[in-house]
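Asker: below are the sequence and a predicted model for it; my questions follow.
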Amino acid sequence: MLKNYSPTQAKAWQKLEKHYKEIAPKHLRELFAQEPQRFEKFSLQLDDMLFDLSKNRITEETLSLLTELAEEMELPAAIESMFQGEPINATEGRAVLHTALRNFSDESLEVDGENILPEVREVQQQMKTFCQKLHSGEWTGYTGKPINHVVNIGIGGSDLGPQMICEALKSYKKENIEISFISNVDGTDAAETLRHLNPETTLFIIASKTFTTKETITNANTAREWFLKKAEDKEHVKKHFVALSTNVEAVVEFGIASENIFRFWDWVGGRFSLWSAIGLSIACALGYDRFEELLKGAEAMDKHFRQAPLRQNIPAQLALLSIWYTNFFGCQTHAVLPYDQYLRLLPDYLQQLMMESNGKSTDRNGKTVTYETQPVVWGAAGTNSQHSFFQLIHQGTVLIPSDFIAPAISQNPLGQHHALLLSNFFAQTEALMKGKTEEEVREELSKKNMSSEELEQLVPHKVFEGNKPSTSIMFKQLSPYTLGNLVAMYEHKTFVQGVIWNVYSFDQWGVELGKQLAGTIEGELLQDKQASHDSSTAGLIDYYRNNR
Ligand code: F6P
């Protein structure tokens, strides 16, 4: 089971506090000057994935102390607990086994005394058969026409993962199938998507682990109404609606044929579910074989995470770096900056993965933590982000560690575009690290034709402090395998952070209160029921009623 004590009690934590005081005043320029081999020393590699940690404010001692902290918190035992299916999601009494969904070995893996792998393979076979029928045109709509548009209706983990993967692997997409996503309960999402579709050739995937999520059920009902308006006969629903869920009863009650249900299990967390039946939209968009490549990429990272010593363990080291910045430097945010347009949804996906997992302030003893936990995760694709928020990363008052991510080969090798894109990636990490000193600014400006008064005025504004940490992640080409590798890395990084912060990473009680209150207010808005509220909430409800 997971060790249960505050990381601040660990001996390594006290050592890190002391060590921080030595590192904080040092500039990365100085560290690079002292250790010209930092790249070799602080890079890690798995297959063709490169993780360069050298532009971080660390020395070998930092990493060994952080690794010591992970050992004291019994990280290796925690990793085993997860892989072996112990109920480490204790507040929900569940195992955490998304890794079983990409386990291609012959081993047996028991949950409650039963080997779960045969069932996993069964559902995978069901997905494969479904995709074959869809892609070959054998699966037809109610008028006999083949399906050419698949719409995934889901939210949170039942939307963000599949949508991010479909967008990232767009260049691998099957030609005869288009894919769309409806998630928001704002009717605009459904209206704008359905507007262009033909009910005869559209198939809806209703993706919901619980099948009780209000947004998804509302959108699913709207889609069914839209479909029946044209198809008329309820019998036709069978050919146009399938469901992905752990709640078979609720799906059947909704009216979806039992043979059209793709099951998964409560040991798959919502934000970790893209590898399960929830990935059906991915398999529809790319073909089942590509989906399997994605799983295999994740499996390779799982093996690395389970077997590699902590100092060489990529997810563990990246998680420990985040602990270093959050708990010792006091950083409150972390930027994710993909230099690949196809990865533009990665920051959104990681926001749920990390912030829903570790955005907690109660530890595993039920006590309020006395240290910071999950920083805010945010970001956007480069180079666009350089022209919006990079100013603040370079010259603002807060320290923002960042991940830069890019492939060496573009999927769209247009002229000089990729070399230009990557020049920006490399230049930004270099600029963040080095900055520009006052002397350098003076020297640069002295070559320009300006008065000394103008020069003096300008100098302070053109100085870059530098010393801004970044981690660079590169791979040869964005493929299903590489993406599986990358996403699994971030999943395990999230897990490690939760272990160190001594929080339960696999529940999400924090989303419940809003849902509960929305249920009450919904009754007031739709059925004119009355409830008592604070003056602000009451005032807003009145404003809506008077203006709707
Ligand atoms: O936002 C809370 C949450 O439960 C997420 O964890 C989950 O991914 C999402 O809602 C959707 O849940 P479901 O798949 O059960 O509809």
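Answerer: Everything's here; your move.

Asker: got the contact list for the residue in the stretch 201-350 of the chain positioned nearest to the ligand?
Answerer: Nearest residue of the stretch 201-350 of the chain to the ligand: Gly270, at 2.7 Å (CB to the nearest ligand atom). C-beta here means a position set from N, CA and C on the backbone, and glycine is covered the same way. Residues in contact with Gly270 (CB atoms under 8 Å, 6 or more residues apart in numbering) are Gly156, Gly157, Ser158, Lys209, Gln508.

Asker: could you do Val336 as well?
Answerer: Leu346, Pro347, Leu350, Val377, Trp378, Gly379, Ser402, Asp403, Ile405.

Asker: list phi and psi for it.
Answerer: Per-residue torsions, Val336: phi -110, psi 120 (degrees, to the nearest 10).

Asker: tell me the pLDDT of it.
Answerer: Here, the pLDDT recorded for Val336 equals 98.

Asker: so how far is Ile405 from it?
Answerer: Distance, Val336 to Ile405, using CB to CB, to the nearest Å: 7 Å.

Asker: overlap of the contact sets of those two?
Answerer: With CB under 8 Å, 6+ apart, Val336 and Ile405 have common neighbours Leu346.

Asker: number of residues surrounding the nearest residue to Asp52 once chain neighbours are set aside?
Answerer: Among residues not flanking Asp52 along the chain, Ser472 sits closest, at 4.2 Å (CB to CB, 6 or more residues apart in numbering). By other CB atoms under 10 Å, the residues close to Ser472 number 23.

Asker: please verify my assumption that Ser472 contacts Lys55.
Answerer: Yes: applying CB atoms under 8 Å as the test, Ser472 and Lys55 come out as touching, 7.0 Å apart.

Asker: intersection of neighbour lists for the two?
Answerer: Thr429.

Asker: wasn't Lys468 part of a strand?
Answerer: No: counting by DSSP: H, G, I helix; E, B strand; the rest coil, Lys468 falls outside a strand, being coil.

Asker: which ones are touching it?
Answerer: Contact analysis of Lys468 by CB under 8 Å, 6+ apart lists Ile393, His394, Leu399, Ile400, Pro401, Ser402, Leu432, Met433, Gly435.

Asker: on that earlier part again, pick out the most distant pair among the contacts of Val336.
Answerer: Trp378 and Ile405 (14.3 Å; CB to CB).

Asker: more crowded one of these two?
Answerer: Ranked by neighbour count (other CB under 10 Å), Trp378 and Ile405 place Ile405 first, with 23 against 19.

Asker: shouldn't the more buried one be within a strand?
Answerer: Yes: secondary structure of Ile405 (three-state DSSP): part of a strand.

Asker: tell me which residues of stretch 19-38 come out buried.
Answerer: Residues His19, Tyr20, Ile23, His27, Leu28, Leu31, Phe32, Arg38 are the ones in stretch 19-38 that count as buried (16 or more other CB atoms under 10 Å).

Asker: tell me the mean pLDDT for it?
Answerer: Here the average pLDDT along stretch 19-38 is 98.

Asker: distance from it to the middle of the chain?
Answerer: 31 Å (CA atoms, centre = their mean, to the nearest Å).

Asker: how about stretch 91-106?
Answerer: On CA atoms, centre = their mean, the centre of stretch 91-106 falls 18 Å from the chain's centre.

Asker: which residue sits farthest out from the middle of this protein?
Answerer: Centroid-distance maximum for the chain: Ser451 at 51.3 Å, with CA atoms, centre = their mean.

Asker: got phi/psi on that residue?
Answerer: Ser451 adopts backbone torsions of phi -70, psi 160, taken as degrees, to the nearest 10.

Asker: residues touching it, list them.
Answerer: No residues are in contact with Ser451 under the rule CB under 8 Å, 6+ apart.

Asker: can you tell me how far it sits from the ligand?
Answerer: Ser451 sits at a distance of 59 Å from the ligand (criterion: CB to the nearest ligand atom, to the nearest Å).

Asker: I'd like the numbering to begin with 16 instead of 1 from here.
Answerer: Got it, first residue is 16 now, which makes that one Ser466.

Asker: and which of the buried residues of stretch 34-53 is nearest the ligand?
Answerer: Distance to the ligand, by CB to the nearest ligand atom, is smallest for Tyr35 among those, at 34.3 Å.

Asker: got the CA coordinates for the strand or helix carrying the closest one in CSV?
Answerer: Applying DSSP states H and E as the criterion places Tyr35 in helix 26-38. Only the C-alpha atoms of helix 26-38 are listed here, as CSV (Å, rounded to 0.1, in the frame of the first residue of the first chain):
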residue,chain,number,x,y,z
LYS,A,26,15.0,13.6,6.0
ALA,A,27,15.6,14.4,2.3
TRP,A,28,13.0,17.2,2.5
GLN,A,29,15.1,19.0,5.2
LYS,A,30,18.2,18.4,3.1
LEU,A,31,16.4,19.8,0.1
GLU,A,32,15.4,23.0,2.0
LYS,A,33,19.1,23.6,2.8
HIS,A,34,20.2,22.7,-0.7
TYR,A,35,17.6,25.1,-2.2
LYS,A,36,19.4,28.0,-0.4
GLU,A,37,22.6,27.1,-2.2
ILE,A,38,21.0,26.6,-5.6
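
Asker: up against the ligand, what does the stretch 216-365 of the chain have?
Answerer: By the rule CB under 6 Å from any ligand atom, the part of the stretch 216-365 of the chain lying against the ligand is Ser223, Lys224, Thr225, Thr228, Thr231, Gly285, Arg286.

Asker: one more time with 8 Å
Answerer: Contact residues, the stretch 216-365 of the chain versus the ligand (CB under 8 Å from any ligand atom): 222-228, 230-231, 260, 284-286, 288, 293.

Asker: next helix or strand past the host helix or strand of Ser296?
Answerer: Element membership for Ser296 (DSSP H and E) is helix 295-301. For helix 295-301, the following helix or strand on the C-terminal side (DSSP H and E) is helix 303-322.

Asker: and the angle for the helix or strand just after that next one with helix 303-322?
Answerer: The C-terminal neighbour of helix 303-322 among helices and strands, as given by DSSP H and E, is helix 329-338. Between helix 329-338 and helix 303-322, the angle comes out at 70 degrees (axes from the mean of the first three to the mean of the last three CA atoms, to 10 degrees).
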